[in-house]
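Chemist: here are the coordinates; sequence isn't available:
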């Protein structure tokens with residue numbers, strides 16, 4: 001039997017120990033770490049939070065759109081225009097004053113109606129204009145055109161009723177009537193000066209499918225006083 005010298009044995013032991021250490025290191029650190037369940041749970045929670053935030057944002061957007069659409073939905077519908085049905089082939093008597101609240105409010109085809117209102121009833125048109133002192137029929141047949149003026153222009157006197165000009169016209173096919181309103185320019189110290197107001201036209205030619213009601217504002221007044 002071959003025996004090694006004593007001085008060589010520790011070397012083999014150290015070598016064995018070193019190999020064992022390498023093996024242990026390989027077993028403990030050489031392979032990839034086992035997958036953990038924590039990242040999967042975190043990803044699921046993140047996805048749930050994102051979905052919740054998206055649903056909340058969508059709900060807020062829907063609520064915002066509904067609230068912004070609410071004023072538009074609640075806006076009043078525009079008044080109707082005059083139609084051929086508003087003009088009677090057979091003339092009817094002019095409505096009495098107590099009947100006019102039953103009439104149909106209409107609007108002009110062109111031009112802002114202020115300061116006037118327009119009402120049609122049984123083939124007659126009632127025009128009421130605030131702060132106007134009268135009107136002239138500058139074109140058309142004066143038959144069945146009635147004019148009344150009440151009150152005083154606003155700003156001239158304190159505690160008096162405002163002025164109203166009321167025009168009543170029987171609507172007829174083939175009629176073309178143009179009226180010019182009389183307004184007032186209120187100056188200092190209670191002074192007032194009459195000036196041209198709006199022009200109102202009712203046009204219904206024989207070949208027109210429907211009558212036309214128009215209103216135009218007066219041209220801007222040119223101040224030549226130099227003040």
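Modeler: Yep, that arrived. Keep in mind that this is a model prediction, so the values were computed, not measured.
Chemist: which residues in the chain form strands?
Modeler: 104-106, 116-121, 124-130, 134-139, 145-150, 164-170, 176-186, 192-203, 212-216 (DSSP state E).
Chemist: of all the ones you listed, which lies closest to residue 90?
Modeler: strand 164-170 (11.5 Å; C-beta to C-beta). Heads up, the C-betas are built off the backbone N, CA and C, glycines and all.
Chemist: Cross-check the contact I'm expecting between residue 104 and residue 118.
Modeler: No: Residue 104 is beyond contact range of residue 118, at 9.5 Å (criterion: C-beta atoms under 8 Å).
Chemist: In terms of neighbours, single out the busier of the two.
Modeler: Comparing residue 104 with residue 118 by other C-beta atoms under 10 Å, the one with more neighbours is residue 118, at 24 against 13.
Chemist: which non-adjacent residue is nearest that one?
Modeler: Distances taken as C-beta to C-beta, 6 or more residues apart in numbering place residue 106 nearest to residue 118, at 5.0 Å, with adjacent residues excluded.
Chemist: Compute the number of surrounding residues for residue 95.
Modeler: Residue 95 - counted by other C-beta under 10 Å - has 17 other residues nearby.
Chemist: What pLDDT does the model give it?
Modeler: Looking at residue 95, its pLDDT stands at 94.
Chemist: can you check the one 3 residues further on too?
Modeler: Confidence at residue 98, expressed as pLDDT, is 94.
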